[in-house]
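Peer 1: got a structure for you, letters missing:
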């Protein structure tokens, strides 16, 4: 190659590609060579010695290709955190989609179908089809599914490139002894790492290849440490984790889901509905206080047991609205009375007004005339 600067320029491009894709330098060099129509880097340098050199346009084309993966200038949306406006729209074989990212994961949404790529590379793509589209969804077409997943994976590669460029090179490239460096926690380089979640023991090569997610349980990098410091000496030693063989392809998992709102009644839901109905049954401020103070117990069969405070809810008063709600829910109501000290003296004052403010004024006036407020005492 006549111009040594061209060779240096290609090496810089290869180095950037190696870092952003977590590949060895020699693999990146070969990648650059193949994009120039040469089988590998050694063949490229051999041809260069025979006065061959790629044109500036050819080199610029390779630089643009690497730039597409590893650059984030003028990006249409944030590749890490995403946001409500961070959406790219497009079509795959005539089917519209919206592509976005959030916290390292990629989401692709179409009409009645969704694809979710996880940051953890061992988690297969999650494909969900809404129930009404189960038979007609384009995701039933393996070729279209593969193409759509490929588009999502292109964005995932860009996200990974951004992550790797911020990590130490040793975090993604083990040395000759298999030692790697944690991407952001300050620890010594090690060839053995441990998962806080599953107590798994992971080799440096394994953890780097899996982008610092535990190959055993999928825990994130903040759960990976160079020592299992949380285990006491008498506890079981960490077990080596197992990962799929490289030849095992990670196929998408397709699931049909029912997106319709689903009501599975629970105790809290029943309790809130009954309490709300009690306020409808209350005809004055005193009874509203009784509705607020009522103890509502819901058993395993969702039947309701009401205990009213006798100073505020008349013993003979029936909670008609609450019983109507219970009937609609298919449960029963059992009524009881409890005897406790009233919140304020003269609880009957609340029976003469609908207004809580008016009741409060009457109650305060009564305390001023016949009782004590705070630390004030009658002489």
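Peer 2: Nice, I can see it. Note that the structure is a prediction, hence the values are computed from the model and not measured. Numbering: from 1, shown residues only.
Peer 1: Residue 99 should be in a helix, yeah?
Peer 2: No. Going by DSSP: H, G, I helix; E, B strand; the rest coil, the assignment for residue 99 is strand, not a helix.
Peer 1: packing partners for the host helix or strand of residue 360?
Peer 2: If you go by DSSP states H and E, residue 360 is part of helix 356-370. Judged by 3 or more C-beta pairs under 8 Å, 6 or more residues apart in numbering; DSSP states H and E, helix 356-370 is in contact with helix 285-293. Placement of C-beta: from N, CA and C, glycine included.
Peer 1: quick check: angle from the helix it packs on to helix 356-370?
Peer 2: On the basis of axes from the mean of the first three to the mean of the last three C-alpha atoms, to 10 degrees, helix 285-293 is oriented at 100 degrees to helix 356-370.
Peer 1: And the contacts of helix 285-293?
Peer 2: Applying C-beta atoms under 8 Å, 6 or more residues apart in numbering, the contact partners of helix 285-293 are 275, 278-279, 281-282, 308-309, 311-314, 317, 343, 347-351, 353-356, 358-359.
Peer 1: ok, now stretch 312-328?
Peer 2: 273-274, 276-278, 280-281, 286-287, 289-291, 293-294, 304, 306, 308, 332-333, 335, 337, 342, 347, 350.
Peer 1: mind showing which ranges of the stretch 151-300 of the chain have poor pLDDT?
Peer 2: 245-248 (pLDDT under 70).
Peer 1: What segments of it are strands?
Peer 2: Ranges of strands in the stretch 151-300 of the chain, per DSSP state E, counting those that start in this stretch, are 192-195, 200-203, 224-225, 239-240, 253-257, 295-298.
Peer 1: and residue 98, which of those is closest to it?
Peer 2: For the strands of the stretch 151-300 of the chain, proximity to residue 98 was assessed by C-beta to C-beta; strand 253-257 is nearest, at 18.1 Å.
Peer 1: looking just at contacts, which helices and strands does that closest one meet?
Peer 2: Using 3+ C-beta pairs under 8 Å, 6+ apart, strand 253-257 sits against strand 126-130.
Peer 1: can you rerun that using 10 Å?
Peer 2: With contacts defined as 3 or more C-beta pairs under 10 Å, 6 or more residues apart in numbering; DSSP states H and E, strand 253-257 has these neighbours: strand 113-117, strand 126-130.
Peer 1: buried residues in the longest helix seen in the chain?
Peer 2: When the chain is parsed with DSSP state H, its longest helix is helix 142-166. By 16 or more other C-beta atoms under 10 Å, the buried positions in helix 142-166 come out as 144-145, 148-149, 151-152, 155-156, 158-164.
Peer 1: of those residues, closest to residue 180?
Peer 2: Distances from residue 180 to these, taken by C-beta to C-beta, are shortest for residue 164, at 12.8 Å.
Peer 1: Now do that closest one against residue 17, distance only.
Peer 2: 11 Å (C-beta to C-beta, to the nearest Å).
Peer 1: cool, residue 113 as well?
Peer 2: 33 Å.
Peer 1: Among those two, which residue is more densely surrounded?
Peer 2: Taking other C-beta atoms under 10 Å, residue 113 and residue 17 do not tie; residue 17 has more neighbours (25 against 21).
Peer 1: doesn't residue 34 make contact with the more buried one?
Peer 2: No. Contact between residue 17 and residue 34 fails when scored by C-beta atoms under 10 Å: they sit 11.8 Å apart.
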